[in-house]
Each structure stands twice: as structure tokens, then as C-alpha cells.
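Student: this one's structure only:
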């Protein structure tokens, strides 16, 4: 068998517009090609000591069954090479390709970008905008590249160029089929590799041709699920802000949402464990209103309201988490007494008493979980007495 060594030597290129929906292009097995064995290993001399290729729950990187790398040849195309075995950290891969290997190899194979922006040359990686059954669960791929010259006698020396967000999402609602991740930065599209330091090449959030709609990535789950879902998002290096997660059903309707908090700074070859609980939108407050009403001096009424959750499909009441706060803009005209302070009530018991003739407004705040909606109601108070003060 031939052992092959690689040293990355690729130029950073200017950015051209590339769609995040573009798929990488691969040639199938060329006619009359013979099987060739490719050896590959993770470069243990680079900064992320002790890591190899894919990440499991223990944080260990190893070659895995099912791994494929993309091998570029002087025929001008990428060809897939499939994992066969591993020996002392060196992965054995089998490939059929035309010509001789050149330029670079990419792991995993679907990150390779054959058509360079604007016809430019150099190394570009493609981060997909969707993963169909890929990158879910406890093992995932992290983007890596290697020099791919036919003349070098040692295994391909792969180096990480990005990192990984492992998202552990609890409380996924029933019938969750898709997980959508969005960010203020581009998560998908074509990314140029910065090779300023050949021992530490990287792709960054800032160095991309991705369009504005590349800020979201969709994970297609194997089947409808609920409870805890784990997805793994390969990402460039740099700062990632406003990371949001949504759970969708098979009709792409929103089931649950979560925010992953503060900005994250991503480094090469690092895995970041992020956790969040999905807020079921069936329990989200979608509308709230309080009708205008009238009462007479000395009389009282109880507050009336209409609160709906999940796009008006169900009532929201005190019994399922709704809370109200009521204040009078002019307390000389009406008085508001919160009877819920002294007695538990499944319906809110706010007693509004007319004090003097006039018009004022109630300000009502409805909260349920993280939702907060406001309503105003016009209140008209008339005098119960005659002009001479006799009933």
C-alpha cells in the first residue's frame, strides 16, 4: 500500500456570492478505475492535542464506520473515499478516482466545494443548510482539510478548520420532526479557508460568500419525536450571536422555541455543549384583550378578559399559568381590589368599584411564562344619585 503525506498550502481568496442552498458536486466511480487505498490521520502536532476526527459524548475524536472523505484529483473533480478500518489512529479508506490526487482532501466528504466562486482557485468548504439524518445523537463530524499531493509518502494529515455546537434540547413537544437553528451570523454556505498559519487553517463566520438567508440550518430527524433531542452543528471559528432553536412538525409548523443565551466564541477543533429547554408554543400567549365597560358610583364589577394561547386555539386561564396585573390610571374614579391576593382562584377575581363619575382606563398586563401582553379598557362611571342628592 502507498502511504501519503499532506501539507496544506492554499491561498485565501476574495469572496463571491454563493447560495447557501448549493450542494457539493461529486463524480461517481470513473470507468475502468481500480480501487485505491488512502491512509489518513488527524494531525496530533496541531494545537488541539489529543483530538482526532469525530466527537462522541466523552469528547474523544476518532475515525468511525461510515466516515467518508473527499479526494481531489488532477482530473479536476472530487471523488469519495469510504472508511474501511482504523489502525493506531490511522484511518484506512477505499476510493476509485481518475488521474492522480492533487490539491486537497476534505472531511467529511459533503463539506467539499468543487465549483469555486467566480472560477477562483483554492480551498473552499461548503457548510450545508440542512442535515437529513446526519449530525444527530452522540457522534458528529467536525470540518477538516488535508494537503493531497500524490508525491508525499505519509498518511494524509487532517487539520480541523472549525468547531462544533452540540445542542441538547429538552422538552421537545410531541411530533417534533425538524430542528431549526438560526444565528445572527451565517451558518451555511461557502467559506474560504484561511491558511496564514499552515498548521492552523480555519474558516470563519466573517470570511464567507453566504447570502443573508444562510443564517439558519435545518436538521431532519429520523422520525417524529419528543423529549430530549441532540443535534450537532459544525460551525466556523469566531463569535456567534443570537443563537435560537425551533422545533417544527412535519408540516413545518412551529411547536417549540428556545434561546441559547450569550454569544459563543468558537475555536478550531473544540466542541461546545449547549443546553436549552424548548418552550412549547401550545402554552404561549398569543392574544389578550379587556372590553370597555360602564358601572355606577358605589357599584362594582369583576374584570372580564379574553386570553388565547397558540394562535387562538385554546383559552388561557389562571388555572393554566396565566397571571394578570391590573392598575387604574385615575384611582379617584375607580378602585381595583385584587381578591387573588387572599384566595386562590382559577379565574382572576379583580373587583373594580366605581368611586365617582367620570372616565378613566384600566391598564392590564397578562403574563404566562416568558410572554407578556398588554391591554387597556375604557371605564365609564356614572352617578347613581339624583341632582338633589336623593336616591
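Tutor: Okay, I see it. Only a predicted model underlies this, so the values are computations on that prediction, with no experimental measurement involved.

Student: beta partners of the residue nearest the centre of the chain?
Tutor: Residue closest to the average C-alpha location in the chain (CA atoms, centre = their mean): residue 181, at 1.8 Å. Beta bridges link residue 181 to residue 217, residue 245 when assigned by DSSP bridges.

Student: need the contact list for it.
Tutor: Taking CB atoms under 8 Å, 6 or more residues apart in numbering, we find residue 181 in contact with 165, 167, 187, 216-217, 219, 231, 233, 243-245. Bear in mind the C-beta positions are built from the backbone N, C-alpha and C, glycine included.

Student: swap in residue 268?
Tutor: If a contact means CB under 8 Å, 6+ apart, then residue 268 has 47-48, 159-163, 200, 202, 237 as its contacts.

Student: same check, this time on residue 221
Tutor: Applying CB under 8 Å, 6+ apart, the residues contacting residue 221 are 133, 136, 176-179, 229.

Student: can you pull the buried residues of the one helix or strand it maps to?
Tutor: Here residue 221, judged by DSSP states H and E, is contained in strand 216-235. Residues 216-219, 221, 225, 229-235 are the ones in strand 216-235 that count as buried (16 or more other CB atoms under 10 Å).

Student: How about stretch 294-313?
Tutor: For stretch 294-313, the neighbour count (16+ other CB under 10 Å) marks 295, 297, 301, 303, 305, 307, 309-310 as buried.

Student: Reformat these as JSON lines; add distance to residue 379 and secondary structure.
Tutor: What follows is the buried residues of stretch 294-313, written out as JSON lines (distance: CB to CB, whole Å; DSSP: H, G, I helix; E, B strand; the rest coil):
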{"residue": "295", "distance to residue 379": "7", "secondary structure": "strand"}
{"residue": "297", "distance to residue 379": "12", "secondary structure": "strand"}
{"residue": "301", "distance to residue 379": "9", "secondary structure": "strand"}
{"residue": "303", "distance to residue 379": "10", "secondary structure": "coil"}
{"residue": "305", "distance to residue 379": "14", "secondary structure": "coil"}
{"residue": "307", "distance to residue 379": "19", "secondary structure": "strand"}
{"residue": "309", "distance to residue 379": "26", "secondary structure": "strand"}
{"residue": "310", "distance to residue 379": "30", "secondary structure": "coil"}
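
Student: And those, which two are furthest apart?
Tutor: 297 and 310 (40.9 Å; CB to CB).

Student: Could you tell me how many residues sit around the residue nearest to residue 334 when sequence neighbours are not counted?
Tutor: Distances taken as CB to CB, 6 or more residues apart in numbering place residue 328 nearest to residue 334, at 4.9 Å, with adjacent residues excluded. Look at residue 328: counted by other CB atoms under 10 Å, it has 17 neighbours.

Student: still on that earlier bit, tell me how far the residue nearest to the centre of the chain lies from residue 131.
Tutor: When CB to CB, to the nearest Å is the yardstick, residue 181 and residue 131 sit 10 Å from each other.

Student: All the strands of the stretch 251-391 of the chain, in order from the start?
Tutor: Here the stretch 251-391 of the chain has its strands, by DSSP state E, counting those that start in this stretch, at 254-259, 264-266, 271-277, 279-280, 285-289, 293-296, 300-302, 306-309, 314-315, 323-328, 334-338, 350-354, 358-368, 371-382.

Student: Specify the angle between the longest one and strand 334-338 in degrees.
Tutor: For strand 371-382 against strand 334-338, the angle between stretch directions is 140 degrees (axes from the mean of the first three to the mean of the last three CA atoms, to 10 degrees).

Student: and if you look at the first one?
Tutor: Angle between the axes of strand 254-259 and strand 334-338 is 90 degrees (criterion: the same axes, to 10 degrees).

Student: what lines up beside strand 254-259 in the sheet?
Tutor: Each strand pairing with strand 254-259, determined using DSSP bridges, is listed with its direction: strand 244-248 (antiparallel), strand 279-280 (antiparallel).

Student: now the longest one
Tutor: Its sheet considered, strand 371-382 pairs with strand 293-296 (parallel), strand 358-368 (antiparallel) by DSSP bridges.

Student: Give me the domain ranges for the chain.
Tutor: Residue ranges for the domains of the chain, per automatic domain parsing: 36-281, 284-382.

Student: Pick the most buried one from the ones you listed.
Tutor: When you average the neighbours per residue for each of the domains of the chain (mean count of other CB atoms under 10 Å), domain 36-281 leads with a mean of 19.

Student: roughly how far is that one from the heart of the chain?
Tutor: Domain 36-281 has its average C-alpha position 14 Å from the chain's average C-alpha position, going by CA atoms, centre = their mean, to the nearest Å.

Student: Quick one: mean pLDDT for it?
Tutor: Predicted confidence along domain 36-281 averages 80 (mean pLDDT).

Student: With respect to residue 352, which of the contacts of residue 181 is nearest?
Tutor: Distance to residue 352 across the contacts of residue 181 (CB to CB) is lowest for residue 244, with 39.9 Å.
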